[in-house]
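Q: pasting the sequence and the predicted coordinates here, then a few questions.
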Amino acid sequence: MSAVRRHPVKPGRVLFVDDQPTAADRETYVAGSGEIVERRLTDGTRHRLIKVARAPAELTRLLTGLGWQAAIWPSGPDWLLGEARPTM
């Protein structure tokens, strides 16, 4: 969320695609971590990332609190699509 705060796009919008929160059970989490995911790419390299699943209503509320107007909707069973615009 801090990246959203630091990078205003006035005038303009941000478009994003993310996993549905239900996709979290298909991730490989690092032992002892509820947020660090490990993924292996086709070249064999492994990468870790922080994954925090948010339901559309929760993410909309968080973005609104940061001064964004957001619309987030599901696209099939696996994906969320979103659009956000700064309100300030």
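A: That came through, no problem. Numbering: from 1, shown residues only.
Q: so which bits of the helix or strand harbouring residue 82 are buried?
A: Using DSSP states H and E, residue 82 maps to strand 79-86. Using 16 or more other C-beta atoms under 10 Å as the test for burial, strand 79-86 gives 80, 82, 84, 86. Backbone N, C-alpha and C define where each C-beta goes, glycine included.
Q: for the spatially closest residue to residue 28 that is not a sequence neighbour, what are phi and psi?
A: Closest residue to residue 28 apart from its sequence neighbours, by C-beta to C-beta, 6 or more residues apart in numbering: residue 38 at 5.2 Å. Here the main-chain torsion angles of residue 38 (degrees, to the nearest 10) amount to phi -110, psi 130.
Q: for residue 31, give me the pLDDT.
A: Residue 31 carries a pLDDT value of 90.
Q: just checking, it is part of a helix?
A: No - using DSSP: H, G, I helix; E, B strand; the rest coil, the secondary structure at residue 31 is coil, not a helix.
Q: coming back round to it: what is the residue nearest to residue 28 paired to in the beta sheet?
A: Counting by DSSP bridges, residue 38 forms beta bridges with residue 48.
Q: what's the closest of the buried residues of strand 79-86 to residue 43?
A: residue 80 (27.8 Å; C-beta to C-beta).
Q: what's the distance between that closest one and residue 53?
A: 10 Å (C-beta to C-beta, to the nearest Å).
Q: okay, and the common contacts of these two?
A: residue 19 (C-beta atoms under 8 Å, 6 or more residues apart in numbering).
Q: coming back round to it: pretty sure the residue nearest to residue 28 is touching residue 45, no?
A: No - Residue 38 is beyond contact range of residue 45, at 10.9 Å (criterion: C-beta atoms under 8 Å).
Q: neighbour count: the two, which is higher?
A: residue 38 (14 against 8; other C-beta atoms under 10 Å).
Q: residue 13: which of the buried residues of strand 79-86 is nearest?
A: Looking across the buried residues of strand 79-86 and measuring by C-beta to C-beta, the closest to residue 13 is residue 84, at 6.5 Å.
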